[in-house]
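Asker: output the structure for:
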Amino acid sequence: MIKKIEGIIPVMITPFTKSGVIDYPGVEKLVEWYIANGSDALFAVCQSSEMQFLSLEERVALAAFVHKAAAGRVPVIASGHVSETLEDQLAELTAIAATGVDGMVLVTNRLDASQQGGTKFIDDLKWLLDRLPDDLTLGLYECPAPYRRLLTDDELMFCASSGRFAILKDVSCDLETVTRRVEMTKDTPLAIVNANAAIAYDAMKAGSRGFTGVFTNFHPDLYKWMQTKSATNPTLADELSVYLALSAMAEPMGYPKLAKLYHERLGTFSCIDSRVITFDIREKFWALDALMDKIVEGTAHYRQRIAKG
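Answerer: Numbering: from 1, shown residues only. A predicted model of the protein is given here:
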């Protein structure tokens, strides 16, 4: 039986040391921070984790470490197939599966990696499903890199009706699409979980079973309140949804290094180096620290208002 994967699911960032290796004490502190701030699951190896810039050995070690650190408190899912050929992808996925993670996420743009179209996605998926463990909980991720590959309705229903998939990380960024997908999959095990902050609250109201956008690295607890408690104060929820959407507009300013800057402030880890973003984000994006101040102030403001009831 597949495991339930839904709710607030941070897309984990990967801290590095100054020498360029994964900072595992920092990863451990991140895991504790995510869980303390209301996360329902952790997405350990994904684009935010810089998976395209990690070796297979690093991806496997990272997935295994996060799974161990979570210690069963929340499910841990991981992706990490970045290769072009199906044979290489199978080797990557098999290695990730062996770590014992609670779910393995297939990246949609790796199925039909050369963008042939037609039945190529389902053909490639069938090839992998025939070779992956039958009892392994699977997910789908419409990862934006190297290109965003949205599922067609037929592809979505093939996956949903297979009974193998627990979650789709929806990157359509379109409320109508999310709503349609929720309705299509309502009688299947597949949870549609939106990843776009601008539509997060409306998507939840439409049936998206959580949120898994990049600003789960800043205030997952605020998204958790919006998902689970908004009915107690819908006026506050509407206001909060605007703040969360506007905060997330900072994403193009050097993410994931931007999130690392935030966690440097929190003391989660001390190095903000990134293999994806190698330039100085403070130099490129003027007044970045002032913007971060406002995000911090806004987060504290809404936490206080929520605490008052």
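
Asker: CA only for contacts and neighbour counts going forward, please
Answerer: Noted.

Asker: list the buried ones in the longest helix along the chain?
Answerer: Secondary structure assigned by DSSP state H gives helix 288-308 as the longest helix of the chain. Using 16 or more other C-alpha atoms under 10 Å as the test for burial, helix 288-308 gives 288, 292, 295-296, 298-299, 302, 306.

Asker: show me where the stretch 151-300 of the chain has its strands.
Answerer: 165-170, 191-194, 210-211 (DSSP state E, counting those that start in this stretch).

Asker: one step back: what's in contact with the longest helix of the chain?
Answerer: With C-alpha atoms under 8 Å, 6 or more residues apart in numbering as the contact definition, helix 288-308 has outside contacts at 219, 222, 240, 243, 247, 262, 281-282.

Asker: try stretch 264-281
Answerer: For stretch 264-281, contacts defined as C-alpha under 8 Å, 6+ apart pick out 15-18, 20, 26, 29-30, 50, 53, 253-258, 260-261, 263, 288.

Asker: let's see it at 7 Å
Answerer: 15-18, 26, 29-30, 50, 53, 253-254, 257, 260-261, 263 (C-alpha atoms under 7 Å, 6 or more residues apart in numbering).

Asker: and the residues you listed, which of them are buried?
Answerer: 15-17, 26, 30, 50, 253-254, 257, 260-261, 263.

Asker: mind putting those into JSON lines with distance to Thr232?
Answerer: As requested, those are exported to JSON lines (distance: C-alpha to C-alpha, whole Å):
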{"residue": "Pro15", "distance to Thr232": "37"}
{"residue": "Phe16", "distance to Thr232": "41"}
{"residue": "Thr17", "distance to Thr232": "43"}
{"residue": "Gly26", "distance to Thr232": "36"}
{"residue": "Leu30", "distance to Thr232": "30"}
{"residue": "Glu50", "distance to Thr232": "38"}
{"residue": "Met253", "distance to Thr232": "34"}
{"residue": "Gly254", "distance to Thr232": "36"}
{"residue": "Lys257", "distance to Thr232": "35"}
{"residue": "Lys260", "distance to Thr232": "33"}
{"residue": "Leu261", "distance to Thr232": "34"}
{"residue": "His263", "distance to Thr232": "31"}
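
Asker: mind putting those into a markdown table with pLDDT?
Answerer: Listed next are the buried ones among the contacts of stretch 264-281 as a markdown table, based on pLDDT from 0 to 100:
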| residue | pLDDT |
| --- | --- |
| Pro15 | 98 |
| Phe16 | 98 |
| Thr17 | 98 |
| Gly26 | 98 |
| Leu30 | 98 |
| Glu50 | 98 |
| Met253 | 98 |
| Gly254 | 98 |
| Lys257 | 98 |
| Lys260 | 98 |
| Leu261 | 97 |
| His263 | 98 |
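
Asker: just curious, which of the residues you listed is nearest to Cys159?
Answerer: Relative to Cys159, the closest of these is Glu50; by C-alpha to C-alpha it sits at 26.2 Å.

Asker: how close does the closest one get to Trp225?
Answerer: 28 Å (C-alpha to C-alpha, to the nearest Å).

Asker: check Val182 too.
Answerer: To Trp225, Val182 is 21 Å away according to C-alpha to C-alpha.

Asker: of these two, which one has the most company?
Answerer: Counting neighbours by other C-alpha atoms under 10 Å for Val182 and for Trp225 shows that Val182 has the greater number, 21 against 18.

Asker: right, and the more buried one touches Lys205 too?
Answerer: No. Counting by C-alpha atoms under 7 Å, Val182 sits too far from Lys205 to count as a contact (10.9 Å).

Asker: burial of Pro75, as a residue count?
Answerer: 22.

Asker: residues of stretch 152-159 that come out buried?
Answerer: For stretch 152-159, burial by neighbour count (16+ other C-alpha under 10 Å) applies to 156-157, 159.

Asker: what is the distance between it and the centre of its chain?
Answerer: 21 Å (C-alpha atoms, centre = their mean, to the nearest Å).

Asker: tell me the mean pLDDT over that stretch?
Answerer: Taken as a whole, stretch 152-159 has an average pLDDT of 97.

Asker: and what of stretch 91-104?
Answerer: Rounded mean pLDDT across stretch 91-104 is 97.

Asker: now the terminal residues of it, how far apart.
Answerer: Start-to-end, stretch 91-104 (C-alpha to C-alpha) is 13 Å.

Asker: quick one: residues contacting Leu261.
Answerer: Leu261 neighbours (C-alpha under 7 Å, 6+ apart): Ile272.

Asker: list only buried entries from the contacts of helix 288-308.
Answerer: Taking 16+ other C-alpha under 10 Å as the criterion, what is buried in the contacts of helix 288-308 is 219, 222, 240, 243, 247, 262, 281.
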